[in-house]
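> My questions are about this predicted structure, shown below with the sequence.
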Amino acid sequence: MSGNALPQEWHPRHNPWLITVTVMLAVFMEVLDTSIANIALPHIAGGLSATPEEATWVLTSYLVANAIVLPMTGWLGNHFGRKRVLLLCLMMFTIASVLCGLAWDLPTLVIARILQGLGGGAMVPIAQSIMLESFPRQKRGAAMAVFAQGVVVAPILGPTLGGWITDSYSWRWIFYINVPVGIFAVLMAKWVVEDPPYIKRNLEATIDYIGFALLAVWLATLQIVLDKGQEADWFGAEWVRWFTFISVLSFLGFVWWEFQTDHPLVDLHVFKNRNFTIGLILMTSLAAILYGTTAQLPLFLQTLMGYPALQAGYAMSPRGVAAFCTTFVVGRIVGKVRARWLLLIGFVTLGYSSFLLASINLDVSMGSVIWPSVVNGIAISFIFVPLTMTTMSQLAQAQIANASGLFNLMRNLGGSIGIAFVTTMLARGAQVHQALMVSHLTPTDPAYAQRLAGAKNLLSHHADSVTATRQAYNAVYALLDQQAHVWAFVDNFFLFALLALAGIPLIFLFKRVPYAKPPPAVAAH
C-alpha cells in the first residue's frame, strides 16, 4: 500500500460461512491434538515399551514443530500461496496422523509427531486470517466466536475425548480419528478457499535463511526448556542453562536480523501497532491461565480426590460446554458493546473463578469443582472474541496473515509457560508447605499426638504393636504430604487469579476502534 488510504476490502466468491466451516475443521483438529494425547501417555508408554518420561517427547516434539512454523505462516502464504500452503498442511497433518497411529516404537512416533506439528502449525493462523478477511468488519465478531470454539473449547475437551477413546478402543485411535476429517477438509478447502488479490506469489523472492535458522533455534530450545525443565531441576541442570542461553541469544539475534533485512521471514514492524502489542501480552496471559487450569484441575481430581481419568474428564466437560455456549452470545454482541467492557467482565470473572478454585480442599464435592469451571469457561469466552477483534482491529488485510501467526505463537507459548508453571509450582510448593507443616509433627503437639494415637489404635487390630506404630507414622506422613499438595494447588489457583486481575489495567490502553467502520489507515511494511 502507499499513501494514507486503505484499498477497498476484498470479499471472497463463496459464502463466508461455508469457508468458516471448512477452515474450522482444520482448526479444531489441530488444536485438539495439542491436548488429546496427554491423558493417553501412560498407555502410549506401555504400548511402545518406553518410560513415562520418554513418552512426554510425544507432546514436546509436536509443540516444538508447531511453534517453529507458526510465526512464519504469513511468509509461507505470500511465497507459495495461502491456499496451496493450507492444502499441503492438511495433507501433511492427515498423513502424519496415520503414521502416528501405525508407529511401532517411540522414535517413529516422535518423528511422526514432528511432521504432524509442522503440518498443523500453519493451519490455525491461516484459518484465522481467512476468516477475518472473508467477513466484513461488522460481522467479524461472529466469525471469531466460531474460531474460538476450536481454539478455546478443543483443548478443554481434548483430555475427555482422549480418555474415552483410549479406554474404549486404543491410544492409536486418537490419531486415526483425524484421517476422515482431514480428507474432508482437503476436499472442501480445494473447493471454497481462494487467495486474495494482495497475496502475490513470489517464488523468486530471497528466502530469509538466517532468520529461519535463528527462529528455529530460539523456539526449539525455549519449548524444550519449558517442557523438560522441571524434570531436570531447571537451572540445576547444565543443559537447561545452555539451552536457555542459546534461546535468549538466538531470540535477540532474530529480532535484530528481522529489522535489518529487506525481506524478513516475520514482519516485526506490526509490533508498532499499540493494540496488537497489548493484545499479544493479554493473549499470553490468558493462554497461561487456560492451559494451566486445564492441566492442573484434572491432576487434582485424579491424584488427590481419587477420580478415574475419564471421570475427571467429565468433571471438566461443563467448562467446555459453558465456553461453547457463551462464545456465540459474545459473538453477537461484540460489535454492539464496547470491547473494553466485555474484556473487563471477562478478566474480572476469570479472576473470580480462579479465587473460587483456590478454596478447594479434600472434602469438596464434584459440584464445587464444576461451578468454578463453568464460570471459568464463561470468562474465557468473554475475553477471547473481543481480544482477537481488538488486537487485529487496526491492521490492514495484508498484515493479518503475519499478525495471526504471531498471535497464535504467543497463545501456544503462553500455554507452555502455564503448564511449566503448574508442574514446577506443584512440586516445589508441596515441598515448601511440607517443610512448614512438619514443624508441628512433634510429641508435644496435641493434634499430632491425638492423630497418631488414633491411627495406632485403629491399626493395632490388624497388626502387632511395633508394626502398628510404624504404619501409624506412615499414615500421618501420607496425610501431611496430601495436605501439602492441596495447598500447592490452592497457591497456583490464587496466582492465576492475580494474573487475571493484573491484565485489567492493560485493557484501558487499547485504542477504541468501531467495528462497523473501516479502521484508520495502517501502512503495510
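Perfect, I can see it now.
> By mean pLDDT, flag the weakest helix or strand of the chain.
Here the helix or strand of the chain ranked lowest by mean pLDDT, DSSP states H and E is helix 446-459, holding a mean of 71.
> same for that one, what does it pack against?
helix 465-502 (3 or more C-beta pairs under 8 Å, 6 or more residues apart in numbering; DSSP states H and E). (C-beta placed from N, C-alpha, C; glycine too.)
> chain center to stretch 124-143: distance?
20 Å (C-alpha atoms, centre = their mean, to the nearest Å).
> pull the CA atoms of it into PDB?
This file holds the C-alpha atoms of stretch 124-143, laid out as PDB (Å, rounded to 0.1, in the frame of the first residue of the first chain):
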ATOM      1  CA  VAL A 124      -4.600 -22.200  12.700                       C
ATOM      2  CA  PRO A 125      -3.200 -18.800  11.700                       C
ATOM      3  CA  ILE A 126      -4.100 -19.300   8.100                       C
ATOM      4  CA  ALA A 127      -7.700 -20.200   9.100                       C
ATOM      5  CA  GLN A 128      -7.900 -17.200  11.400                       C
ATOM      6  CA  SER A 129      -6.700 -14.800   8.700                       C
ATOM      7  CA  ILE A 130      -9.000 -16.400   6.100                       C
ATOM      8  CA  MET A 131     -12.000 -15.900   8.400                       C
ATOM      9  CA  LEU A 132     -11.100 -12.300   9.300                       C
ATOM     10  CA  GLU A 133     -10.700 -11.400   5.600                       C
ATOM     11  CA  SER A 134     -13.800 -13.300   4.400                       C
ATOM     12  CA  PHE A 135     -16.200 -11.300   6.600                       C
ATOM     13  CA  PRO A 136     -17.000  -7.600   6.600                       C
ATOM     14  CA  ARG A 137     -15.700  -5.800   9.700                       C
ATOM     15  CA  GLN A 138     -19.100  -5.600  11.400                       C
ATOM     16  CA  LYS A 139     -19.500  -9.400  11.200                       C
ATOM     17  CA  ARG A 140     -16.000 -10.400  12.200                       C
ATOM     18  CA  GLY A 141     -17.100 -10.800  15.900                       C
ATOM     19  CA  ALA A 142     -19.400 -13.700  14.900                       C
ATOM     20  CA  ALA A 143     -16.600 -15.200  12.800                       C
END
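> for it, which positions count as buried?
Across stretch 124-143, burial judged by 16 or more other C-beta atoms under 10 Å covers 124-135, 137, 139-143.
> Over to stretch 340-353?
Buried-residue list, stretch 340-353, by 16+ other C-beta under 10 Å: 342-347, 349-353.
> Which of those residues fall in helices?
Members of the buried residues of stretch 340-353 lying in helices (criterion: DSSP state H): 342-347, 349-353.
> just the helices in the stretch 251-400 of the chain please.
274-303, 309-333, 339-357, 366-392, 397-437 (DSSP state H, counting those that start in this stretch).
> any weak-confidence spans in the stretch 101-250 of the chain?
138, 197-206 (pLDDT under 70).
> So which residues of it form strands?
Per DSSP state E, counting those that start in this stretch, the stretch 101-250 of the chain carries no strands over any range.
> middle-most residue in the chain, spatially?
The centroid of the chain falls nearest to Gly415 when counting by C-alpha atoms, centre = their mean (3.9 Å).
> Once you drop chain neighbours, what's closest to that one?
Of all residues not flanking Gly415 in the chain, Tyr291 sits nearest, at 3.5 Å (C-beta to C-beta, 6 or more residues apart in numbering).
> Test my guess that the one you found contacts Phe421.
No: shown here, Tyr291 and Phe421 do not form a contact pair, counting by C-beta atoms under 8 Å, at 9.7 Å.
> of those two, who's got more company?
Tyr291 (25 against 22; other C-beta atoms under 10 Å).
> where's that one relative to Ala478, distance?
30 Å (C-beta to C-beta, to the nearest Å).
> just Ala148 next, same as before
From Ala148 to Ala478 the distance is 43 Å (C-beta to C-beta).
> In terms of packing, which of those two has more residues around it?
Under the criterion of other C-beta under 10 Å, the comparison of Ala148 against Ala478 puts Ala148 first, with 26 against 10.
> hey, where'd the helices end up in the stretch 101-250 of the chain?
With DSSP H, counting those that start in this stretch as the criterion, the stretch 101-250 of the chain has helices spanning 106-121, 123-134, 140-148, 154-168, 173-176, 178-192, 209-228, 238-260.
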